[in-house]
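>>> turn this into a model:
(one chain, ligands or ions: 2)
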Amino acid sequence: MKALVYTRPNEVALQEQPMPAAAPGEVVLQIEAVGICGSDMHAWHGHDPRRKPGLVLGHEFVGRIVESAASGFDTGTRFTGNPLITCGVCEYCVQGRNNLCANRSMVGMTRPGAYAEFMSIPAASLIAMPQDLSARAAALTEPAATAWHAVNLIVRALVRPIHECRVLVIGGGAIGMLSALLLRHLGARKTVLAELNALRRHAVATHANCEVIDPRSTPLTDSSFDVVIDAVGANATRTQAFAAVKPVGVIMHVGLQDWASEVDMRKLTLAEITLLGTYTYTTADLRATVAALAAGAFGDLSWVEERPLAAGQQAFLDLDQGRCAAAKVLLRP
Ligand SMILES: [Zn+2]
Ligand SMILES: [Zn+2]
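Ligands and ions are numbered 1, 2, ... in the order given. Now for the predicted structure:
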């Protein structure tokens with residue numbers, strides 16, 4: 001089979017690889033579509049010590065079972081999946097917080113990913129979906145579930161209903177775009193999205209129908225947002241988030257570019273700010289997100305771009321150079 005292999009920093013190459021086999025409890029999927037994630041970009045740059053050259057990346061997938069060694073998972077059935085492979089028995093798994101599983105591993109990191117014609121995966125990680133759901137919508141499940149999980153955590157922390165809230169989203173990548181689409185669906189009073197790339201600003205304004213700003217020309221220092229979603233997670237955006245949030249507001253930290261920085265503890269304390277972190281999604285989030293995607297909660301997804309798997313290297317280059325208006329590129333094997 002053909003697979004797109006991460007060969008060295010800034011390079012993925014299409015190579016011939018042996019067909020995967022289904023170990024007991026696993027299935028082999030024929031991949032229909034797979035997204036390029038910010039974390040795949042990070043690995044492609046050579047910045048992720050866990051993802052080493054020789055690895056097949058890709059964890060935002062949809063595919064059809066072609067071989068099954070798990071009862072109840074029949075060949076021919078289409079599934080999306082949870083790329084986090086979790087133990088099911090640790091303290092976090094039994095609480096339903098399997099995104100925090102103490103023994104988790106991951107597709108496209110600790111085992112070969114989905115930038116390939118075929119991929120094996122434990123059947124327990126598969127997420128059922130309507131069989132007529134488009135490959136595009138199904139492959140968006142993982143990033144959309146990240147937004148879903150984050151927004152649900154925000155809603156629980158709010159002191160006023162989301163309908164009354166002004167929300168600032170920092171970053172117009174896939175998570176920023178999907179968060180803005182979800183906020184529109186949930187009826188947030190107003191959503192403003194801040195993004196540096198003009199192509200991305202245009203895409204968000206067109207498809208998420210929200211106000212977009214360039215934070216270099218429109219400084220965010222007026223403490224006027226009930227919610228700020230930092231979908232970048234850099235030193236500069238954390239500072240922007242604290243400047244923009246209202247007293248009793250909520251800051252949700254989703255992106256993670258820089259690991260450490262000063263936090264405005266004075267404002268956090270005196271203005272009773274809630275600062276939340278979020279990591280991925282639970283199985284329940286993924287199932288709910290599939291249903292939401294099928295119901296059109298995230299819109300028509302016409303902003304998503306599809307390219308052949310063989311053109312993967314060019315897609316990485318275009319994303320890296322900021323030449324891509326689409327916040328999400330899907331590869332089709
Ligand atoms: Zn991802
Ligand atoms: Zn666990």
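
>>> check contacts around the residue nearest to R160 when sequence neighbours are not counted.
Closest residue to R160 apart from its sequence neighbours, by C-beta to C-beta, 6 or more residues apart in numbering: D226 at 6.6 Å. Where C-beta positions appear, they are placed from N, C-alpha and C, glycine not excepted. D226 makes contact with L158, R160, E164, C165, R166, V167, V245, K246, G249, V250, according to C-beta atoms under 8 Å, 6 or more residues apart in numbering.

>>> now the last one: phi and psi?
Phi and psi for V250, reported as degrees, to the nearest 10, are phi -120, psi 130.

>>> correct me if wrong: it contacts A157.
Yes - at 4.9 Å, V250 counts as touching A157 under the criterion of C-beta atoms under 8 Å.

>>> mind listing the shared neighbours of the two?
Common contact partners of V250 and A157 (C-beta under 8 Å, 6+ apart): T274, L276.

>>> more neighbours: which of those two?
V250 (24 against 15; other C-beta atoms under 10 Å).

>>> next SSE after the top helix by length along the chain?
Across the chain, the longest stretch assigned as helix under DSSP state H is helix 141-157. Using DSSP states H and E, the helix or strand that follows helix 141-157 in sequence is strand 166-170.

>>> what sits against G249?
F225, D226, V227, V228, A271, I273, T274.

>>> ok so, going back, and the residue nearest to R160, how far from ligand 2?
Separation of D226 from ligand 2 (C-beta to the ion, to the nearest Å) stands at 34 Å.

>>> element containing that residue?
Taking DSSP H and E as the criterion, D226 maps to strand 225-230.

>>> equivalent analysis for A137, please.
helix 135-139.

>>> now that helix: mean pLDDT?
For helix 135-139, the mean per-residue pLDDT is 98.

>>> helices or strands up against it?
Packing contacts for helix 135-139, counted by 3 or more C-beta pairs under 8 Å, 6 or more residues apart in numbering; DSSP states H and E, involve strand 26-35, strand 60-68, strand 78-81, helix 283-294, strand 329-332.

>>> how far does that helix sit from the chain's center?
Its chain's C-alpha centre and that of helix 135-139 lie 13 Å apart, by C-alpha atoms, centre = their mean, to the nearest Å.

>>> returning to that earlier point: C-terminal to the strand holding D226, what's the next element?
Going down the chain from strand 225-230, the next helix or strand is helix 235-244, by DSSP H and E.

>>> which residues sit against that following helix?
Identification of contacts with helix 235-244 by C-beta under 8 Å, 6+ apart yields 168, 170-171, 194, 215, 219-225, 228, 230, 251, 253, 255, 258, 261-264, 267-268, 273.

>>> please redo it, this time with the cut-off set to 6 Å
For helix 235-244, contacts defined as C-beta atoms under 6 Å, 6 or more residues apart in numbering pick out L168, I170, L220, T221, F225, V228, D230, I251, D258, S261, D264, K267.

>>> got it, and stretch 115-126?
Stretch 115-126 has contacts (C-beta under 6 Å, 6+ apart) with 1-4, 19-20, 22, 25-31, 34, 56-58, 70, 73, 79, 81-82, 85, 333.

>>> of those, just the buried ones, ChimeraX syntax please.
Of the contacts of stretch 115-126, the buried ones can be selected in ChimeraX as follows, counting by 16 or more other C-beta atoms under 10 Å:
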select :3,4,20,22,26,27,28,29,30,31,34,56,57,58,70,73,79,81,82,85,333
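
>>> buried set for the longest helix of the chain?
141-154.

>>> the strand holding D226 pairs with which strands?
Using DSSP bridges, the strands paired with strand 225-230 in its sheet are strand 166-170 (parallel), strand 245-253 (parallel).

>>> from the contacts of stretch 115-126, which are also near ligand 2?
Among the contacts of stretch 115-126, no residue is within reach of ligand 2 (C-beta under 5 Å from the ion).
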